[in-house]
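**Q** 3D model of this:
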Amino acid sequence: MRQTSAHTDLLDDITLSGYYPELVTDVIDLALAGEAVAAHLLQPETTFDDAEVRRHLTALVLTPRRLLVAHVDDQVVDGTLTAVASTEAVPLRELRSVVITQGFSDPAAQGGSRRRDITISLGWGAVQRIDLEPAGCADPSCEADHGLTGASTPDDLLIRVSAEAEGEPALAGAVAFARALSAATSLT
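**A** Model prediction:
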């Protein structure tokens with residue numbers, strides 16, 4: 001892997017996350033396949049399930065040609081804690097949509113408002129969510145089976161970072177990643 005300052009920043013942030021840093025570094029190194037790191041965003045999550053603590057890390061790594069998406073999860077198998085990691089490499093030319101939604105506090109304030117959160121929604125057509133329900137007709141006495149109706153919605157990836165939940169440095173990092181991703185996808 002080429003060592004750049006962006007790569008060093010990625011390794012530092014992986015270590016700082018405290019979530020299996022050697023494992024996460026190895027998983028990302030394999031997916032990078034020697035490509036240089038342009039920008040990254042890590043989102044660690046902790047959830048509670050039936051009195052068990054479960055951790056998850058999503059890593060977005062931007063290279064000059066691809067967006068790497070890595071997920072690492074805790075799992076308990078036969079009473080033993082294990083981890084499962086998956087990566088997906090999306091060529092930048094395949095990204096169909098990049099939606100950046102930002103929340104601001106006090107928009108009328110002198111000197112500008114403060115950004116409070118950012119949501120990055122990415123679509124490349126890999127995953128579709130299908131919501132189905134029984135179809136009906138306008139006749140309230142009709143008992144015929146009208147089949148199903150529904151909607152198919154792209155559902156690839158959504159990341160939200162909030163100053164209140166993750167802190168100002170995490171929000172600044174997410175904004176920097178969004179800026180780099182917007183710049184990279186504007187060239188494809």
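**Q** which other residues reach stretch 15-33?
**A** 1, 10-11, 14, 42, 44, 55, 57, 59, 61, 63, 68, 70, 72, 83, 85, 87, 89 (C-beta atoms under 8 Å, 6 or more residues apart in numbering). Bear in mind the C-beta positions are built from the backbone N, C-alpha and C, glycine included.
**Q** Mind checking which of those land in helices?
**A** Counting by DSSP state H, the part of those found in helices is L10, L11, I14.
**Q** so can I have JSON lines of those showing pLDDT, distance to E35 and neighbour count?
**A** Below are the ones in helices among the contacts of stretch 15-33 laid out as JSON lines (pLDDT from 0 to 100; distance: C-beta to C-beta, whole Å; neighbours: other C-beta atoms under 10 Å):
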{"residue": "L10", "pLDDT": "96", "distance to E35": "12", "neighbour count": "23"}
{"residue": "L11", "pLDDT": "95", "distance to E35": "15", "neighbour count": "18"}
{"residue": "I14", "pLDDT": "95", "distance to E35": "17", "neighbour count": "22"}
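**Q** residue ranges for the strands of this structure, please.
**A** Secondary structure of the chain by DSSP state E: the strands cover 39-49, 52-62, 66-77, 80-91, 97-105, 114-123, 128-134, 148-154, 157-162.
**Q** Remind me what the shortest one packs against, helices and strands.
**A** Counting contacts by 3 or more C-beta pairs under 8 Å, 6 or more residues apart in numbering; DSSP states H and E, the secondary-structure elements packed against strand 157-162 are strand 39-49, strand 52-62, strand 114-123, helix 168-186.
**Q** between the ones in helices among the contacts of stretch 15-33, which is closest to Q110?
**A** Set against Q110, the nearest of the ones in helices among the contacts of stretch 15-33 by C-beta to C-beta is L10 (37.4 Å).
**Q** Give me the outermost residue of this protein relative to its centroid.
**A** No residue in the chain sits farther from the centre than S141, which is 47.0 Å out by C-alpha atoms, centre = their mean.
**Q** Can you tell me how far it is from T58?
**A** Applying C-beta to C-beta, to the nearest Å, the value for S141 to T58 is 51 Å.
**Q** neighbours of A89, just the number please.
**A** 17 (other C-beta atoms under 10 Å).
**Q** so what's the spatially closest residue to L68 that is not a sequence neighbour bridging to?
**A** Counting by C-beta to C-beta, 6 or more residues apart in numbering, V61 is the residue found nearest to L68 once chain neighbours are left out, at 4.2 Å. In this entry, V61 is beta-bridged to H40, L68, by DSSP bridges.
**Q** Would you confirm that V61 contacts L10?
**A** Yes. The pair V61 / L10 is scored as a contact, 6.6 Å apart, by C-beta atoms under 8 Å.
**Q** what residues do these two have in common as contacts?
**A** Residues touching both V61 and L10 (C-beta under 8 Å, 6+ apart) are I28, V37, H40.
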